[in-house]
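Colleague: Quick check, what structure comes out for this input:
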Amino acid sequence: MSAKPQHYDVIRKPIITEKATMASENGAVVFEVAIDANKPQIKEAVEALFGVKVKAVNTTITKGKAKRFRGQLGRRNDVKKAYVTLVEGNTIDVTTGL
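Modeller: Residues are numbered from 1 along each chain as shown. As a prediction, this is how the structure comes out:
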């Protein structure tokens with residue numbers, strides 16, 4: 001499998017937070033993904049881009065918050081996160097980049 005340009009459209013960026021770091025101790029990596037991406041597309045993209053085997057993909061959608069900007073009411077974008085669990089022995093170092 002080679003990395004196709006649409007794989008970069010599916011996986012936007014890795015998420016490095018305290019919760020994501022705790023998930024990485026159990027063999028999971030957290031990515032921000034396209035809002036319309038589904039689990040098979042996410043699995044294929046991660047396997048192609050990083051050369052690892054994926055065991056499971058769990059997704060969450062966080063609704064954007066209503067915020068004020070210069071007195072005007074606005075809304076942040078919705079964000080979809082993918083918790084990608086890797087097969088035993090596979091790792092991804094998200095700090096190095098692609």
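Colleague: which one is residue 56 nearest to, not counting chain neighbours?
Modeller: Once flanking residues are discounted, residue 56 sits nearest to residue 85: 4.4 Å by C-beta to C-beta, 6 or more residues apart in numbering. Heads up, the C-betas are built off the backbone N, CA and C, glycines and all.
Colleague: Hmm, residue 57 and that neighbour touching each other?
Modeller: Yes. Here residue 85 reaches residue 57: they are 7.4 Å apart, a contact under C-beta atoms under 8 Å.
Colleague: So which of those two has more stuff around it?
Modeller: Taking neighbours as other C-beta atoms under 10 Å, residue 85 and residue 57 compare with residue 57 leading, 20 against 15.
Colleague: Give the closest residue to the more buried one in space, chain neighbours not counted.
Modeller: The spatial neighbour of residue 57 that comes closest, neighbours along the chain excluded (C-beta to C-beta, 6+ apart), is residue 39 at 4.5 Å.
Colleague: Now do the contacts for the one you found.
Modeller: Listed by C-beta atoms under 8 Å, 6 or more residues apart in numbering, the contact partners of residue 39 are 57, 59, 82.
Colleague: Also residue 94?
Modeller: The contact partners of residue 94, by C-beta under 8 Å, 6+ apart, come to 14, 16, 29.
Colleague: With respect to residue 71, which of these is nearest?
Modeller: Proximity of those to residue 71 (C-beta to C-beta) peaks at residue 16, which lies at 33.1 Å.
Colleague: What is the helix or strand hosting residue 81 packed up against?
Modeller: Per DSSP states H and E, residue 81 falls inside strand 79-86. In terms of contacts (3 or more C-beta pairs under 8 Å, 6 or more residues apart in numbering; DSSP states H and E), strand 79-86 is packed against strand 28-33, helix 39-50, strand 54-62.
Colleague: What angle do strand 54-62 and the longest one make with each other?
Modeller: Helix 39-50 and strand 54-62 meet at an angle of 120 degrees, taking axes from the mean of the first three to the mean of the last three C-alpha atoms, to 10 degrees as the criterion.
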